Structures are given as C-alpha cells and as structure tokens.
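[1] dropping the sequence and predicted coords here.
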Amino acid sequence: MAEDRIKVKADHITKKFGDLLVLDDISFEVKKGEFLCIVGPTGCGKTTFLNSLTKLNELTAGEIYIDGEPVNLKKHNIAYIFQEYSTMPWLTVEQNVRFGLNIKKVPEEDQKKRAEEVMEMVGLTKFRDYYPKQLSASMLQRVVIARAFAVHPELLLMDEPYGQLDIELRFKLEDELIKLWQKEKTTIIFITHNIEEAVYMAERCLILSNKPTHIKEETVIDLPRPRNVASPDFIAKRQYITDQIKWW
C-alpha cells in the first residue's frame, strides 16, 4: 500500500518534562500511505510520542516534517482519534461526521456527499439521525472514525482507539479500518498496547523501549491479507514482538 515517497520524518526528537527525559533522540520515517503501529511497554511514553508528532507537546529538541516541511497544524491536514469517544452529544451522527468538513467550510453539497460516502463505509447510514447517547460503544467509535476520514486527512494518528472494546467488536472495527485505509490510502500511525492488534493491521511496527524512550527495533509485517491470527507465521511474528518488549 505504501508509496516510496516519505510522508512523515521525525528527526532526532527529544522531549523532557522538567528534568525527566521521556523521548530520547528518536528518528524514523513513514512512507505515504503506510500503516505504522507503535508498540511498547506500559508507561513508556507512547502517547507522548504521538502527541509530539503534532507538537501538541512542544519538543525539547529535534523536528517533525510532513512532506519535507516542519509540521504545521494550520497547514497540514492531520486527524487524531483518541481512546475516548470524542463525539459531540448535541449533534446527530451525520452532523458529527460533517463537523470537520463544516469547520473547513466545505460547500454544503460536497459535505453531504462525503458524509454519505464515509457513513456507508462504516455502516452508519441508517443511524444518521441518531444522537450519540442512543449508540453503542462500537457505533460511537465508528462515528469518530468516519469523521476523521471525512476530511481526507493526509495523516491519521490513532491512540489506542479500540482499547475499551471487547475482542469481537475490536476485530470488527479493525477490519473496517483496514478497508478504509486500503480505499483512502491514508497514512496512519496507530498506537496500541495490544501486540496481536498491531500484527493484524500494520505494515510495519516500531517497538519502543522503557523510559527514556527510544526505538528499540522496527519490524516489517509482511503477512498476506486478510490475516489469520491462528496461522503459524502470525503467531511467530506476534511472539517475536512480545519478546522484544519483555526482554530488555
């Protein structure tokens, strides 16, 4: 899926909170259209790492580049999906999905067309007039995902978006996300503590160390799709990544 062109480049990024060194001289690149997962031990700074990519956390040193330019939230079209269901309770499903398009002042007819397209892709069409309080947890996360994809983000950052869901719902939403990614060719950086989830979705994984955090290793996930979590190759890859996190 990924192209050869570099979409995101982290150049020796470092982040301190006071005297506490959290991110230690991290460098990596992400190709356009790549699905990259970031895994690591609990408390290693994965969310700080993700926030630093948008400068929600101001860097102590280093720089983040998108298409060769320093990241600028006003210029670069970046969407962010959190673990919490960040819907607006006073808006309907369709209004939530169109929220970013409205902010960007996309013409009304184009908003309707794009909202219809992404709602159909995630199975929300018949729920368009529902309010968030009327939806299940999985449906709420579908709304958030549809809203993110609606604006055609050049980079989508996802911070453990399925962490609160049971395994059956998680697999269903993972499959929907993979289909969206394949269709839209969006560059995705996805944080998860669930190694099976990372192996199931990603083209490549960055394995983070304990604090001060650095990239311990990167591994390519070159398994065919759709992936079978019970296959020997899948289990071997999952175990390899688990071992890199367990043993330091």
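    Good, I have the coordinates.
[2] going forward, measure contacts between C-alpha atoms and count neighbours the same way
    Noted.
[3] end to end on stretch 155-166, go ahead and measure it.
    27 Å (Cα to Cα, to the nearest Å).
[4] ok, and what's touching that stretch?
    For stretch 155-166, the external contacting residues (Cα atoms under 8 Å, 6 or more residues apart in numbering) are 47, 50, 77-84, 137-138, 141, 148, 170, 173, 186-193.
[5] redo that, cut-off 7 Å
    47, 77-83, 170, 186-192 (Cα atoms under 7 Å, 6 or more residues apart in numbering).
[6] ok, stretch 181-190 next?
    32-38, 153-159.
[7] out of the residues you listed, list just those in helices.
    Per DSSP state H, helices hold no members of these.
[8] buried ones in the biggest helix by length in the chain, by neighbour count?
    Once the chain is assigned using DSSP H, the helix that runs over the most residues is helix 167-184. Going by neighbour count (16 or more other Cα atoms under 10 Å), the buried part of helix 167-184 is R170, L173, E174, D175, E176, L177, I178, L180, W181.
[9] what residues are up against the first one?
    Put plainly, it is R170. Per Cα under 7 Å, 6+ apart, neighbours of R170: Y162.
[10] what residue spans form the domains of this protein?
    31-43+53-77+159-247, 90-152 (the TED database).
[11] put together CSV for those, with distance to L20 and mean pLDDT on each row.
    Shown next, in CSV, are the domains of the chain (distance: least, Cα to Cα, whole Å; pLDDT from 0 to 100):
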stretch, distance to L20, mean pLDDT
domain 31-43+53-77+159-247, 8, 93
domain 90-152, 33, 96
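[12] so for K7, which of those sits nearest?
    In terms of Cα to Cα, the element of these nearest to K7 is domain 31-43+53-77+159-247, at 4.7 Å.
[13] send over stretch 221-228 as PDB, restricted to the C-alpha atoms.
    What follows is stretch 221-228 as a C-alpha-only set of coordinates in PDB (Å, rounded to 0.1, in the frame of the first residue of the first chain):
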ATOM      1  CA  ILE A 221       4.800  -7.200   9.000                       C
ATOM      2  CA  ASP A 222       4.900  -8.800   5.600                       C
ATOM      3  CA  LEU A 223       2.000 -11.200   6.100                       C
ATOM      4  CA  PRO A 224      -0.700 -11.600   3.400                       C
ATOM      5  CA  ARG A 225      -4.200 -10.000   3.900                       C
ATOM      6  CA  PRO A 226      -6.700 -10.900   5.200                       C
ATOM      7  CA  ARG A 227      -4.500 -12.000   8.100                       C
ATOM      8  CA  ASN A 228      -5.200 -15.200  10.000                       C
END
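[14] all the strands of this protein, residue numbers only.
    Taking DSSP state E to define them, one finds strands in the chain at 6-17, 20-31, 35-39, 61-66, 69-70, 78-81, 155-159, 187-191, 204-208, 215-220.
[15] okay if I get those strands as a markdown table plus distance to R98?
    Listed next are the strands of the chain as a markdown table, based on distance: least, Cα to Cα, whole Å:
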| stretch | distance to R98 |
| --- | --- |
| strand 6-17 | 26 |
| strand 20-31 | 28 |
| strand 35-39 | 25 |
| strand 61-66 | 25 |
| strand 69-70 | 28 |
| strand 78-81 | 14 |
| strand 155-159 | 17 |
| strand 187-191 | 21 |
| strand 204-208 | 31 |
| strand 215-220 | 35 |
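[16] which one of those strands lies nearest to V93?
    Here strand 78-81 is closest among the strands of the chain (Cα to Cα), at 16.3 Å.
[17] mind giving me the packing neighbours of that closest one?
    Using 3 or more Cα pairs under 7 Å, 6 or more residues apart in numbering; DSSP states H and E, the elements in contact with strand 78-81 are strand 155-159.
[18] could you check the angle strand 187-191 makes with the strand it packs on?
    Interaxial angle of strand 155-159 relative to strand 187-191 (axes from the mean of the first three to the mean of the last three Cα atoms, to 10 degrees): 10 degrees.
[19] adjacent strands (with direction) for strand 155-159?
    strand 78-81 (parallel), strand 187-191 (parallel) (DSSP bridges).
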